[in-house]
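*Asks:* only geometry, no sequence info:
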């Protein structure tokens, strides 16, 4: 196996496993940039995965064919947004502890999705979906020599949607008036309020958009990787996304980069066992490699990760 | 503070009386229904539920068969309790024991600790555990000779690989999964000594993306058949196989534990599956217990001889020659002329013997 063959194995695999993480991390960026900590990403993702699985299944039965997963994405976006509302109400209007309400969201999602699965299908898991997002070569781009094979062959269209959305989110947060307001609310809500920005409204919108992104991330995980929903479909990916967001310094493109880095580290650890040079390393080291790399990267290269200043604090008018 | 504790305490007490009341009620009812001679058997599912298309479902089918054969009444003489979370295991087991079921099954290795606990608390109860060994006097441990079943699917893989490269994806590197691996490797090598076998463990039973990445590597390196013994991680193997088959490169997956034919649809990537017949095992142990031969403290192993492992009923993707080979070696294993290795050491010896 030549070096290039190895790269051609590792890179596409990295992009595949990164897509759900990128989207969920973007959801986290939205929420936290506005000053609302969102531990509930895992739960939002789980609920999105659940909706994705059942609506792809129903879509198939309604005769939507290959459009079923895309329809389920739409449902998961709406569902994720709605599911984030309790978190928004608790942490913005009721000024509850945001970490607690996020954790509550995780428990709620785990319980509710399994309960509904049992009610709907009378089984512990949803039926396998038939219409998945398939891997394929991206037209034109995959013909580019070298890069084409690495980045645009044998890849999911959803991965590129995720990367594209990361740029869209970057544009929204850094280049639009709404984005400016969103950031100001997260940094210094009182100043923003003085300037006539409705703090609570902005936060509500951000948390809800965040939920939509996380829901989509979950649905994409089901449609491209898992294939159905069980209690263990989403086990920790939401927290990985949270870590990617922090790793990416609360920046959409940073979060995307971090998610891709996680994906790369993981695919390296898996493919590594099959690469002649790395084969002699005991697999334990390869298995922990993604986490060690993350710690090293966090400690050494990223520098200080500064959270938005008002993150985690409910805004009270007139309080100094 | 004191007041609150008081309220809590009284609540707990009230709940306790309620619970014990209903326990007594059920006990009384069943005592009238079945006299001394009626044999009563029950099982506790793990969190997968009774329709999990896997172990629990299979065990319940076995119990239903046993019930039907012995004219038992469903609900009073044989029944199941569903567990919604791991914390339900012990209470469920306990309540069945208290309802005077003569034999209570715990399905799945997840219940090992709880079975152990209940076995100690209720020394007169007869318990049985599927897929794990608990060395207590009143517990029958039911295990399977997965290596024998894996050997058979290994034969098929060895016969039907076109690239002479096959893969094995394991969940967690453990004694149990090693049985799958070594049985499979032995099978492949027996049918096709030239074949190269890639082996990798995901380190997890529930990470579909890892399974997919490993499958991607294996298929990328030229393997055309992958056998997975990795639970939810194996889902990723199916995903990858489907993706490749959809794009015109036909590859196969060999399923595990139950017939995973449906998992491979619509691209039809399931070559065959290594099936563990939990239903046969449950039925058999129930029979023995009914006849007064409860295998308490023993490990009951189900292999090819006991019809406890085998290949799946969906055989349309397997060639006639491969099936003939399977039958040939099935006999050889049954009459003892071939011993399937289950550990790495045994496999090395097996390989060395083969070269002689």
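*Replies:* Alright, I've got the coordinates. Note that the structure is a prediction, hence the values are computed from the model and not measured. Residues are numbered from 1 along each chain as shown, chains lettered A, B, ... in the order given.
*Asks:* near chain A, which residues of the stretch 151-300 of chain B?
*Replies:* Taking C-beta under 8 Å from any C-beta of the partner chain as the criterion, the stretch 151-300 of chain B approaches chain A at residues B:173, B:198, B:200-203, B:206-210, B:212-214, B:216-218, B:220-221, B:232, B:235-236, B:238-239, B:242-244, B:246-247, B:262-263, B:265-266. C-beta coordinates here come from the backbone N, C-alpha and C atoms, glycine included.
*Asks:* isn't residue A:15 right up against residue A:159?
*Replies:* Yes. The criterion here is C-beta atoms under 8 Å, and residue A:15 meets it with residue A:159 at 4.8 Å.
*Asks:* number of residues surrounding residue A:115?
*Replies:* If you count neighbours by other C-beta atoms under 10 Å in any protein chain shown, residue A:115 ends up with 11.
*Asks:* which stretches in the stretch 51-200 of chain A count as strands?
*Replies:* Counting by DSSP state E, counting those that start in this stretch, the stretch 51-200 of chain A has strands at residues A:135-136, A:155-156.
*Asks:* pLDDT at residue 150, what is it?
*Replies:* Defaulting to chain A. What the model reports as pLDDT for residue A:150 is 70.
*Asks:* that's the wrong chain, I meant chain B
*Replies:* For residue B:150, pLDDT reads 92.
*Asks:* and the longest helix anywhere in chain A, which residues are buried?
*Replies:* The helix spanning the most residues in chain A, taking DSSP state H as the definition, is helix A:3-33. Neighbour-count burial for helix A:3-33, counted by 16 or more other C-beta atoms under 10 Å in any protein chain shown, picks out A:6, A:8-33.
*Asks:* before we move on, what about stretch A:118-133?
*Replies:* Under 16+ other C-beta under 10 Å, the buried positions of stretch A:118-133 are A:118, A:121, A:123-133.
*Asks:* try stretch B:233-249
*Replies:* For stretch B:233-249, by 16+ other C-beta under 10 Å, it's B:233-245.
*Asks:* ok now stretch B:195-213, how far from the chain's centre?
*Replies:* 19 Å (C-alpha atoms, centre = their mean, to the nearest Å).
*Asks:* end to end, how far does that stretch reach?
*Replies:* Stretch B:195-213 has an end-to-end distance of 22 Å (C-alpha to C-alpha, to the nearest Å).
*Asks:* kindly report the same for stretch B:303-322.
*Replies:* Stretch B:303-322: ends 20 Å apart by C-alpha to C-alpha.
*Asks:* can you tell me if it touches chain A.
*Replies:* No. Judged by C-beta under 8 Å from any C-beta, stretch B:303-322 stays clear of chain A, getting no closer than 15.3 Å.
*Asks:* re the thing from before, just name the most buried of the strands of the stretch 51-200 of chain A.
*Replies:* With neighbours defined as mean count of other C-beta atoms under 10 Å in any protein chain shown, the strands of the stretch 51-200 of chain A peak in mean count at strand A:155-156, which reaches a mean of 22.
*Asks:* name the nearest residue to residue A:11, ignoring sequence neighbours.
*Replies:* residue A:150 (4.8 Å; C-beta to C-beta, 6 or more residues apart in numbering or on different chains).
*Asks:* show me what contacts that neighbour?
*Replies:* By C-beta atoms under 8 Å, 6 or more residues apart in numbering or on different chains, residue A:150 lies in contact with A:7-8, A:11-12.
*Asks:* just put those in CSV and tack on distance to residue A:231 and pLDDT.
*Replies:* Output for the contacts of residue A:150, formatted as CSV (distance: C-beta to C-beta, whole Å; pLDDT from 0 to 100):
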residue, distance to residue A:231, pLDDT
A:7, 36, 77
A:8, 35, 75
A:11, 32, 82
A:12, 29, 79
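*Asks:* model confidence for residue A:75, exactly?
*Replies:* 95.
*Asks:* ok, it to residue A:219 distance?
*Replies:* 8 Å (C-beta to C-beta, to the nearest Å).
*Asks:* and the two? which has more neighbours close in?
*Replies:* residue A:219 (34 against 19).
*Asks:* excluding chain neighbours, what is closest to that one?
*Replies:* Counting by C-beta to C-beta, 6+ apart, the residue nearest residue A:219 is residue A:52, at 2.9 Å.
*Asks:* burial of the one you found, as a residue count?
*Replies:* With other C-beta under 10 Å as criterion, residue A:52 counts 34.
*Asks:* all strands of chain B, in order?
*Replies:* For chain B, strands defined by DSSP state E occupy the ranges B:41-44, B:78-81, B:103-106, B:127-130, B:139-144, B:165-170, B:196-201, B:225-229, B:252-257, B:270-276, B:299-302, B:309-311.
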